[in-house]
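Visitor: Generate coordinates for the sequence data below:
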Amino acid sequence: MEKTLLIIKPDAVNRCLAGRIINRIEEKGLKIVGMKMEHLEPKKLQEHYAHHKDKKFFADLVKYMSSIPSVLIIAEGKDAVNVVRQMTGPTNGREALPGTIRGDFSMSFQSNLVHASESKEIAEKEIKRFFKDSEIHGYEKINFNWIYCEEEKQ
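Guide: Below is the predicted model:
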C-alpha cells in the first residue's frame with residue numbers, strides 16, 4: 001500500500017475544519033498511520049516549499065504556514081497519493097469543484113486548507129521531513145476487507 005502526506009494547514013485549523021477533513025480521509029477508506037499537530041518552524045517550511053523560493057509569495061507562505069499549528073497526517077491505501085490529490089482539488093479553491101475539500105471550503109490559492117503530496121517520490125521525502133519512523137504506525141485495518149478486493153490488497 002502507498003503512503004502520502006496531507007497537511008491540514010493553519011487556516012483549516014483556525015476555521016475548525018480539521019475534524020471534517022480527517023473524517024473525509026477515513027470515510028474514503030484510507031488508513032491513517034501517522035498523525036500529529038505541530039507548529040511548523042520557518043526553516044523546515046523553507047525547505048518544504050523550496051520550489052517556490054523565487055516567487056513573490058514565498059515569504060508570506062512561510063509566515064502563514066508558521067502562524068499557528070498544522071495537523072500532519074500520513075494516509076495509506078491503494079494509490080493513496082492520487083486519491084488524496086483528487087479529494088483535495090486544485091490549488092486555487094475558487095477553481096476546485098464542489099465535493100473536494102477545497103471546492104467545499106476554500107476561496108483562496110494560499111489559504112487553501114491542505115497540502116497533499118504530488119507524487120509517490122515526493123510523498124516519501126515529505127514524510128521523512130515531517131515524521132520520525134517511530135511516529136509511523138503499522139496495524140491491521142479490519143475493514144480493509146470491505147474496502148478492497150483481494151487483488152487490490154496485493
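Visitor: Please list all residues in contact with residue 117.
Guide: Neighbour list for residue 117: 4-6, 81, 84-85, 123, 126-127 [criterion: Cβ atoms under 8 Å, 6 or more residues apart in numbering]. (Glycine included, C-beta is placed from N, CA and C.)
Visitor: got those residues as CSV, with distance to residue 25, pLDDT and neighbour count columns?
Guide: Putting those into CSV (distance: Cβ to Cβ, whole Å; pLDDT from 0 to 100; neighbours: other Cβ atoms under 10 Å) gives the following:
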residue, distance to residue 25, pLDDT, neighbour count
4, 10, 98, 27
5, 12, 98, 26
6, 7, 98, 28
81, 13, 98, 22
84, 7, 98, 25
85, 13, 97, 18
123, 14, 98, 22
126, 16, 97, 22
127, 15, 98, 20
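Visitor: Cross those against helices and list the overlap.
Guide: 81, 84-85, 123, 126-127 (DSSP state H).
Visitor: As CSV, the residues you listed with distance to residue 99 would be great.
Guide: Listed next are the ones in helices among the contacts of residue 117 as CSV, based on distance: Cβ to Cβ, whole Å:
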residue, distance to residue 99
81, 19
84, 14
85, 14
123, 23
126, 25
127, 27
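Visitor: Mind picking the two most distant members of those?
Guide: Greatest spatial distance in the ones in helices among the contacts of residue 117: 85 and 127, 15.3 Å, computed using Cβ to Cβ.
Visitor: Which parts of this structure are helices?
Guide: Counting by DSSP H, the helices of the chain are 10-14, 18-28, 42-48, 58-65, 80-88, 101-105, 120-130, 144-147.
Visitor: mind listing what's buried in the helix or strand of the chain with the lowest mean pLDDT?
Guide: Within the chain, no helix or strand scores below helix 144-147, which has a mean of 88 by mean pLDDT, DSSP states H and E. Of all the residues in helix 144-147, not one is buried under the rule 16 or more other Cβ atoms under 10 Å.
Visitor: Next: stretch 42-49.
Guide: Those would be 45-46, 48-49, for stretch 42-49 by 16+ other Cβ under 10 Å.
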